[in-house]
Structures are given as C-alpha cells and as structure tokens.
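Engineer: whatever this is, show me its structure:
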Amino acid sequence: MTSNREIEKLFDQWNPNKVKAGDRVQVNIDTINPYPARVVGLDIDLKNEKVYANLRLLSERKNCPIRVDVADCYVAWEIFKGHL
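Structural biologist: Residues are numbered from 1 along each chain as shown. Okay, here's the model as predicted:
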C-alpha cells in the first residue's frame, strides 16, 4: 500500500512540467501537430508510472486525444482565476 505522502512525491516526479488542473496547455504529441487544451483533471497511474491529463479541447480540430501523458503538456497560460 502506498501512502499519500509517497503518492505526492511520485506525482511531482512524474509531472515534469508542473501542470495543474485548470491550466491551459499546448499539447505536443509526435504524431499530431500541437493543439491547445485546458486540463480538467489529473490521474496518476502507479502501475505504468505516469500521470495523465484529462483535457477539454480549445479548438475544433478532430482526432485529438483528450487523455494524454502530462509530460506532453506545456503550460501556455496561467491557471483560471476561479481555480485559485
């Protein structure tokens, strides 16, 4: 069983770009041109040692994933003021 303190350390380790819920990000995946999105939530996957970002797309583009590895997200704008 993993403690909350250990989970927080792993979260910080696997989230190199310090992305938070509410941030507007630029998602850069190798197979798709970069696209803008807003992070609506973050999930930690202990088995695969990754943090996933759940996204809301800010563009009308098709075929863009809405759940991506947080390491592929780069903060483009600061967090919404309502989330402070």
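
Engineer: does R56 touch G41 like I think?
Structural biologist: No: in this structure R56 lies outside contact range of G41 using Cβ atoms under 8 Å: 9.7 Å. For the C-beta atoms, the positions are set from N, CA and C on the backbone; glycine is no exception.

Engineer: beta-bridge partners for the residue positioned nearest the centre of the chain, please?
Structural biologist: Most central residue of the chain, judged by C-alpha distance to the mean C-alpha position with Cα atoms, centre = their mean, is A53 at 3.1 Å. Beta-bridge partners recorded for A53 (DSSP bridges): L42, V68.

Engineer: look up the closest residue to W77, ignoring the ones flanking it.
Structural biologist: Distances taken as Cβ to Cβ, 6 or more residues apart in numbering put R24 closest to W77, at 3.9 Å, once the chain neighbours are dropped.

Engineer: can you list the buried residues in the lowest-mean-pLDDT helix or strand in the chain?
Structural biologist: Least confident helix or strand of the chain, by mean pLDDT, DSSP states H and E, is strand 73-77 with a mean of 87. For strand 73-77, the neighbour count (16 or more other Cβ atoms under 10 Å) marks C73 as buried.
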